[in-house]
Structures are given as structure tokens and as C-alpha cells.
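Enquirer: need a structure here:
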Amino acid sequence: MRRTKIIGTLGPATDDPAVIDAILKAGMNVVRVNFSHGKIADHKRRIQLVRSSAKKLGCVVAILVDLQGPKIRIMRFKEGRVTLRKGQEFVFDASLLDSQGDQHQVGIDYKELPTDVQAGDYLSLSDGHIEMRIKSVEGPRILCEVLNESELSDHKGINLKGGGLSVNAITDKDIKDIKLASELAVDYVALSFTRSADEVNKTRQLLLDQGSKAKIIAKIERAEALGSLNEIIAASDGVMVARGDLAIEIGDEEVPSVQKRIISQARALNKPVITATQMMESMIYNTIPTRAEVSDVANAVLDGTDAVMLSAETAVGEHPVLVVEAMNRVCLGAEKHTLSKQSKHHRLDRHFERVDEAIASAAMYTANHMGIKSIISLTESGTTPLLMSRIRSGIPIFGLTRHMSVMNLMGLYRGVYPVFFELTECKSWEVSQKAIDLLKKLEWIQQGDFVLLTKGDQLGIGGQTNGLKVIKVS
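Expert: Below is the predicted model:
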């Protein structure tokens, strides 16, 4: 059973219901809806398509929407694109009108950019394909030297190398999209370009104001986010290592070590973590991944990531089903390695403030030292299975809950398998046996197995996990 979860992005390539069926069968656990592209009608139709397919196939699929955030872009050129020569001067002019760009200048949609930069700074455009050095700033005009020859087209993004832009993480478009996400009852909302815990808290309040209980995934893609990483992780419900813009801001060479740091800190703070960007980029066109891509995905699995994410590979790629199948194989291959299962001294130096965390830690310590075949967690919120999944183990954790929304949330947690179980229909003294009977029926446990079960004395009430027991399946 694969422990690492797979996230796939919806797009034109997945609009065929047969393709959705196929990628869910191939092992996709979470679908991502990118609010940077597409129309509202597209998003609604695709989410409904996934939910219909999941219901038909009897599988659990979480919905994650990705807010666009303050992506800083150039405006348009008169001819749609220009070719820049190395060494030429080029101007970004905040006062220039749209569609007035030419060989020498172009407008920008973020009018405060001239006040955020200075001579000597470096700008990166078009996902890092073009670099420029700022020579001077004169009012609304930023005069640059082009450092490499390349083509520049309409609406390409701009990054300030090293970070430091003052633009807010939550835009007017994001506020509208948060309302849409609430209407669609999605499970997760990804906050782009997160810089601080305060931005996470503001997003949470916006969701609550709309009546949404969606969990927040803070995307780490700004250099300044690394200075307040612990605070951001603590405020959020999970994080994403968004390696595209992060690499542009801190440099490609820094990303591998920063990725490991983010994964490690997220797990230490009991939060799930997603690794994203160009994981199998070549499969947009090719039918097999490169050896480098295989190693990239495998290393993220070995680092302990909860999920690996596909973007353009499934959204617009030529082989969306093949890429999910390939990622599934790579994850399974990496998980055979002992490094992916090694038990760590997770939070053993901490004083536990919560009973459920103490129970979760005790359960995993017992399971890892006693030959337990499976762990069964009766849960109202999914918290206890999440806490268990922070401790590395090759033992499957079955999260049994009566709430579909909680099943979806657990679909992101590494090593956790959500199972629907209506515990309120059981008497308190028979609930353990009923849970075991269900997993026997599903053929996930069998006679003679030692299993570990956690539950609360007060059934049907969240946050009440206070007991564990070891049971031999009869």
C-alpha cells in the first residue's frame, strides 16, 4: 500500500470523464484546482466531475484549490512578444499603458515595484529564463540591462532575486476566490507567496467568514518566508514546498537543502507537507520520466514528504494517466527503502499538552516495537491519525470516521488510509470489534494479526482520544 500521496492538477487534459476515472484508478489522492488559470465555470465543472467519479469508484479524493496570489506580471506588447538581446537596455515602466510594450519597454501590473527595488538588484522573468540587472530607478521607470538573449511575451511573471517585495499575499481576486472555494466546499486552500503567519491567519478568518472549514496550505515560495518558517507552519494546517518561484528568489542551488529543511520542520510541528513543481515535467510530452525526475520524486519520499504534486503534467500534458502511474511506481519503489520507514525520535524531548498527541506517540512507539500489523484510529477530526503519521513507520494507519469531510482531509496524510465507519451506531463496548470486523471484511487485516486501536471513551465527540489497546484478531 503506497504511503506517499499523489496530487494531480486538473485542466484541459483531464476534462474527459474517462481520464478522470483512469487517473483516480492509477492512484491520485488529491486534485488541485489552480485558480490562476481557467474560468469559474471550468472550476465548478471539473470539481463536480471528480466528485462524481470518486463516488462511482468508491474512492476518497480531496479537493485543493490554489489561490493565484500576488503574481507580479508585465503587461502586453504591441506585437505580443519581443526578442531581447544580451547587453541591451530595457525599461519596466509603471506608468505605461497596457499593450504599449515594444523592444525597449513594457508596462507592469504592480505599480509599486519601482519603490521596492534599487540599482544593483536582479530581476528574473518568465520562470527564470530571462535575467536583468537594474541600472537605475527613475520615478516609475526601472532601467535594466538584459543579461541573456531570450524571447519575452505578454503577461510573463517577474521575481526579485533575494525577495523583499512588499506586495500583499492576499489580493482582491483571492478574496473573491476564497468565497468561491467556500461555495464549492473544498477541503484545502493553498495560499500563494506566503510571507508571515499573519497572512495565514487573515486567510483563515476570510474562510471562516464564508462559513468554510477548509484547511490552509501555506506555499513556501518567497525568500522572506524562510525567516519565519516555524511561525508560518504553526499558523497553517500544512505547507507546500513550491520550488518554482522559490528557486528564482533564493537560487536553484539552495532549493534541495531548503526542501529538506521545510519537510523536516513541518513534520516536527505535526503538519503535512507537499513537495511540488516540475517533478515529472518531461512527461508533459514523453511517456516515461527521466532518471533525474525519478530520483527527485524518490528523494522527496525518502525525506518524508506527505505528498508529491503534478502540475502541468496532468493539467495540459499529453499523458496524464501515464504520469500518475509512473509517480505511483516511483513512490512505491522509494518506500521499500528502510530510510522511508525509519522511526525517528519525534518530539520525545517535548512535554505533551494534548492527550491525543500523547496517545498517538505511545501508539506508534508500541507499534514500531511490537510487530503490530495495522493501526486503527477511530476519529472525529482526523487529528490522531495525523499525529501518528508524523512518526515514520511502515505500518498502515486506518483512520475510521463517519465524516466524509474528515476522510478527504486524511487523504493527504502520509501512511493514513481513510475508511468510512459509523461508530455512533455501535454500543461503546462493541465498537472495537465492529471496527476490526470491518477491516477484516475489507481484507486489510486477517486472523492472527496483532493490531493497535485508539479511541475515546466518549464516542462521537472530537478531541477525546484517550486510550489505546493491543488486540489479536480472532
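Enquirer: so Asp102 sits against Arg81, correct?
Expert: No: assessed by Cβ atoms under 8 Å, Asp102 is found out of contact with Arg81, at 10.9 Å. For glycine as for every other residue, the C-beta is placed from the backbone atoms N, C-alpha and C.
Enquirer: quick one: residues contacting Met407.
Expert: Val60, Gly399, Thr401, Pro418, Val419, Phe420 (Cβ atoms under 8 Å, 6 or more residues apart in numbering).
Enquirer: go again using 6 Å as the cut-off
Expert: Val60, Thr401, Pro418 (Cβ atoms under 6 Å, 6 or more residues apart in numbering).
Enquirer: how about low-confidence regions in the protein?
Expert: Scanning the chain for pLDDT under 70 picks out 338-349.
Enquirer: what's the longest helix in it?
Expert: helix 40-57 (DSSP state H).
Enquirer: all strands for the stretch 301-450 of the chain, in order.
Expert: 307-310, 374-378, 397-401, 416-420, 450-456 (DSSP state E, counting those that start in this stretch).
Enquirer: same list (those) but as TSV, adding mean neighbour count and distance to Ile263.
Expert: Formatted as TSV, the strands of the stretch 301-450 of the chain follow (neighbours: other Cβ atoms under 10 Å; distance: least, Cβ to Cβ, whole Å):
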stretch	mean neighbour count	distance to Ile263
strand 307-310	26	11
strand 374-378	27	22
strand 397-401	26	19
strand 416-420	21	17
strand 450-456	22	26
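Enquirer: for Leu123, find the nearest of these.
Expert: Leu123 sits nearest to strand 307-310 of all the strands of the stretch 301-450 of the chain, at 27.1 Å, using Cβ to Cβ.
Enquirer: ok, and the closest non-adjacent residue to Gly448?
Expert: With sequence-adjacent residues excluded and distances taken as Cβ to Cβ, 6 or more residues apart in numbering, Gly448 is closest to Val473, at 6.4 Å.
Enquirer: how many residues are close by the one you found?
Expert: Other residues near Val473 number 16, with proximity taken as other Cβ atoms under 10 Å.
Enquirer: show me where the stretch 201-350 of the chain has helices.
Expert: Secondary structure of the stretch 201-350 of the chain (DSSP state H, counting those that start in this stretch): helices at 229-235, 243-250, 255-268, 291-303, 312-315, 320-335.
Enquirer: meant to ask about the stretch 351-474 of the chain
Expert: Using DSSP H, counting those that start in this stretch, helices in the stretch 351-474 of the chain cover 355-370, 383-389, 404-410, 431-441.
Enquirer: how near is Ala214 to Asn408?
Expert: Ala214 sits 10 Å away from Asn408, taking Cβ to Cβ, to the nearest Å as the criterion.
Enquirer: with Glu425 instead?
Expert: Distance, Glu425 to Asn408, by Cβ to Cβ: 22 Å.
Enquirer: these two: which has the busier surroundings?
Expert: It is Asn408, of Glu425 and Asn408, that has more neighbours when counted by other Cβ under 10 Å, with 24 against 9.
Enquirer: in this structure the more buried one contacts Asp187, no?
Expert: Yes: taking contacts as Cβ atoms under 6 Å, Asn408 lies within contact range of Asp187: 4.5 Å.
Enquirer: name whatever forms a beta bridge with the closest residue to Lys469 other than its chain neighbours.
Expert: If the residues on either side of it in the chain are set aside, Lys469 comes closest to Leu453, at 5.5 Å by Cβ to Cβ, 6+ apart. Listed beta-bridge partners, Leu453: Ile376, Lys469 (assigned using DSSP bridges).
Enquirer: wait, isn't Leu453 in contact with Ile376?
Expert: Yes: using Cβ under 6 Å, Leu453 makes contact with Ile376 at a distance of 4.4 Å.
Enquirer: still on that earlier bit, among the helices of the stretch 351-474 of the chain, which is the most enclosed?
Expert: helix 383-389 (a mean of 27; mean count of other Cβ atoms under 10 Å).
Enquirer: show residues contacting that one.
Expert: Under Cβ under 6 Å, 6+ apart, the answer for helix 383-389 is 270, 356-357, 360, 364, 377, 379, 397, 399, 410, 413-416, 454, 465.
Enquirer: most widely separated two among those?
Expert: Between any two of those, the greatest separation by Cβ to Cβ is 19.3 Å, found for Arg414 and Thr465.
Enquirer: more neighbours: those two, which one.
Expert: Thr465 (28 against 23).
Enquirer: quick one: whatever helix or strand comes next after the longest helix of the chain to chain centroid distance?
Expert: Next in sequence after helix 40-57, counting helices and strands by DSSP states H and E, comes strand 62-66. Its chain's C-alpha centre and that of strand 62-66 lie 9 Å apart, by Cα atoms, centre = their mean, to the nearest Å.
Enquirer: strand 62-66 vs helix 40-57, what angle?
Expert: 160 degrees (axes from the mean of the first three to the mean of the last three Cα atoms, to 10 degrees).
Enquirer: which residues are in contact with strand 62-66?
Expert: 30-35, 47, 181, 186-190, 408, 411-412.
Enquirer: picking up where we left off before, turn the helices of the stretch 351-474 of the chain into TSV, columns for distance to Leu67.
Expert: Converted to TSV, the helices of the stretch 351-474 of the chain look like this (distance: least, Cβ to Cβ, whole Å):
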stretch	distance to Leu67
helix 355-370	30
helix 383-389	23
helix 404-410	19
helix 431-441	38
